[in-house]
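# one predicted model, sequence on top.
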Amino acid sequence: MNAARLMIRLILPAALAIFSAAGLTGCASLGKVTEVVAAVGVATGQVTEEQAESAVRTATAVAKASEDITPEQEYYIGRSVAATLLGKYKPVDDAELTEYLNTLGQALAMASDRPETFGGYRFLVLDSDEINAFAAPGGLILITRGMLGLCRNEDQLAAVLAHEIGHVQHRHGLQSISKSRITAAISIAAMEAGKQLGGKDLAEAVNAFEGTIDDVTQTLVVNGYSRAAEREADLAAVRILHRVGYNPNALIEMLEAMGRGLKPGGLDFAKTHPKPSDRIKVVRPEIARLAAPPAPPPKRQKRFDNAVALPAK
Amino acid sequence: MRTMRFCAIFLAIAAPALPARAAETLTVQVREAVLRASASMLAAPVNKVPYATPVAVEERAAGWARVTPPAGPAGWVHESALTRKKLQLAAGGETTAAGASTREVALAGKGFNEQIEKEMRKTNTAADFSWVDRMEKMQVSAARLSEFLREGGVLPPSGDGQ
């Protein structure tokens, strides 16, 4: 039997099983797997039965792909996702603002259910009028100037950052990898088979890595997370705000501001998030159960105004 | 009645066995775990333990564990810094340890490491890693975070903090 065909015959059922388990039937997804399998087959020329079996074994291992990604691997995925976003949007180079944002953000991250990630939580403002914020896996969080402009006080900014920390805490970015394409499957298959290809393995792994970065970036910028994921991030935000001592009502205030500020059909938060009014319905009962913190001292508003007074465009 | 007798037997067997149980060993899954004097992110650091180091758990409390590392003093660390999995040092790429299971080998070879990032950076010139590297340096000290919260009058509702 033709060796490449044997490999496809062996690996496709496993790949199909994984995709159907994940509820995915997209033609593009299956096409990608077949393509890579074919590429491996062609590249080897001769594929032994042992090699084919190892490909099946590794593909099966991918069923739990996102939870098997170690925090160190998550860190490298997050770095490249953030670098990709920073290639699209330029950052605001303002040392005082960046320091304020990181102090606030890291104080909030400490109170999350996942205060420790491989490289820690970091925050940066993007120079864009869009109303948006992104959490790259592992804790690199980016917020646009447009979103910052909607915040009227520190508690509201804290609400936006806490929502993004919630996505990192729940590893939503990594889940988008397995849901959208299970690129890790391709990576593992390519790497294990690749070890016997001599020189080819690196190129295959880089391809798989780039595919993974595309999956996460596409989810952050274009498709958005599931409603369930947004709900988890909102509820995490309420808990974080309450634990630190910020007013969780600030999340409702921000959602109301976003409801007013977003243009329907716009290319920002409106596209990737459920309607603000629906999100308010989810968090309001949770917030109602919590005692409101005392009114903030003037100093909190002053430092917010000082740091967030953005340079004129 | 039978249930009670079973419980009694179970307790008789289980209870003496408990103190003899060996401490659980977990692995550090962050680049550098800071062990602290008490179970709080704001408590004073007493030791630092690098990625993939096994640590013995002595005590647990509300999401925190007091652990003893192979070197230096014991201290408290949040459990999100620890994992039950055994980790390999994958940063260099060439890390497949002898005797590792196929599954572990596959995971180590997943391709999400420094070597692959370097390769990707050669071709993907649109991505801006210079700002990612700058972001990584923006760590704020625990002392500064405490000061920030105090100055802003940000007080945890229970008064016990994190």
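Good, I have the coordinates. Numbering: from 1, shown residues only, chains lettered A, B, ... in the order given.

# every contact and neighbour count from this point should use C-alpha atoms.
Fine.

# contact partners for the residue of chain B found nearest chain A?
Residue nearest to chain A within chain B (CA to the nearest CA): B:V30, separated by 3.7 Å. Shown in contact with B:V30 (CA atoms under 8 Å, 6 or more residues apart in numbering or on different chains): A:P71, A:E72, A:E116, A:T117, A:F118, A:G119, B:P50, B:Y51, B:A81, B:L82.

# equivalent analysis for B:V49, please.
B:V49 makes contacts with B:V28, B:E32, B:A33, B:V34, B:L35, B:P69, as judged by CA under 8 Å, 6+ apart.

# how about a cut-off of 6 Å?
The contact partners of B:V49, taken as CA atoms under 6 Å, 6 or more residues apart in numbering or on different chains, are B:E32, B:A33.

# okay, and the helix or strand of chain B with the least pLDDT?
Taking mean pLDDT, DSSP states H and E as the measure, helix B:102-108 is the helix or strand of chain B with the lowest mean score, a mean of 40.

# OK, now which residue of chain A is nearest to chain B?
A:F118 (3.7 Å).

# for that residue, which non-adjacent residue is closest in space?
Leaving aside its chain neighbours, A:F118 sits nearest to B:V30 (3.7 Å; criterion: CA to CA, 6 or more residues apart in numbering or on different chains).

# secondary structure element for the one you found?
Under the criterion of DSSP states H and E, B:V30 resides outside all helices and strands.

# shaky segments in chain B?
B:1-22, B:88-112, B:158-162 (pLDDT under 70).

# now do the longest strand anywhere in it: which elements does it pack against?
Identified as the longest strand of chain B according to DSSP state E is strand B:54-61. Helices and strands touching strand B:54-61, as assessed by 3 or more CA pairs under 6 Å, 6 or more residues apart in numbering or on different chains; DSSP states H and E, comprise strand B:25-28, strand B:64-68.

# for those strands, could you give me CSV that also reports distance to B:V46 and mean neighbour count?
Rendered in CSV, the data for the helices and strands packed on strand B:54-61 read as follows (distance: least, CA to CA, whole Å; neighbours: other CA atoms under 10 Å in any protein chain shown):
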stretch, distance to B:V46, mean neighbour count
strand B:25-28, 16, 21
strand B:64-68, 11, 22
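
# what would the ones you listed look like in JSON lines with distance to chain A?
Listed next are the helices and strands packed on strand B:54-61 as JSON lines, based on distance: least, CA to the nearest CA, whole Å:
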{"stretch": "strand B:25-28", "distance to chain A": "9"}
{"stretch": "strand B:64-68", "distance to chain A": "11"}
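
# got the residues of chain A near chain B?
Contacts of chain A with chain B, taken as CA under 6 Å from any CA of the partner chain, map to A:73, A:83-84, A:86-87, A:107, A:114, A:116-118, A:187-188, A:205-206, A:243-245, A:300.

# buried members of those residues into PyMOL, please.
Buried members of the residues of chain A next to chain B, defined by 16 or more other CA atoms under 10 Å in any protein chain shown, are picked up in PyMOL with:
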select buried, chain A and resi 73+83+84+86+87+107+114+116+117+118+187+188+205+206+243+244+245+300
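
# surely B:S130 is in a helix?
Yes: according to DSSP: H, G, I helix; E, B strand; the rest coil, B:S130 belongs to a helix.

# and it, how many residues sit next to it?
As a burial measure, B:S130 scores 10 neighbours (other CA atoms under 10 Å in any protein chain shown).

# check the one 10 residues further on too.
B:V140 is flanked by 18 other residues according to other CA under 10 Å.

# so what does it have for phi and psi?
Dihedral angles phi and psi of B:V140 (degrees, to the nearest 10) take the values phi -100, psi 130.

# how about A:A133?
Main-chain dihedrals, A:A133, degrees, to the nearest 10: phi -150, psi 150.

# mind listing what it touches?
A:A133 neighbours (CA under 6 Å, 6+ apart): A:L142, A:I143, A:T144.

# okay but the second one is in contact with A:F123, surely?
It stands for A:I143. No: using CA atoms under 6 Å, A:I143 makes no contact with A:F123, being 7.7 Å away.

# ok, back up a step: how about the residue of chain A closest to chain B, what does it touch?
With the criterion set at CA under 6 Å, 6+ apart, A:F118 makes contact with A:P71, A:E72, B:V30, B:R31.

# from the residues you listed, pick the one nearest B:A23.
B:V30 (21.2 Å; CA to CA).

# related to what we said a few turns ago, what's the spacing between the residue of chain B closest to chain A and B:E24?
For B:V30, the distance to B:E24 equals 19 Å [CA to CA, to the nearest Å].
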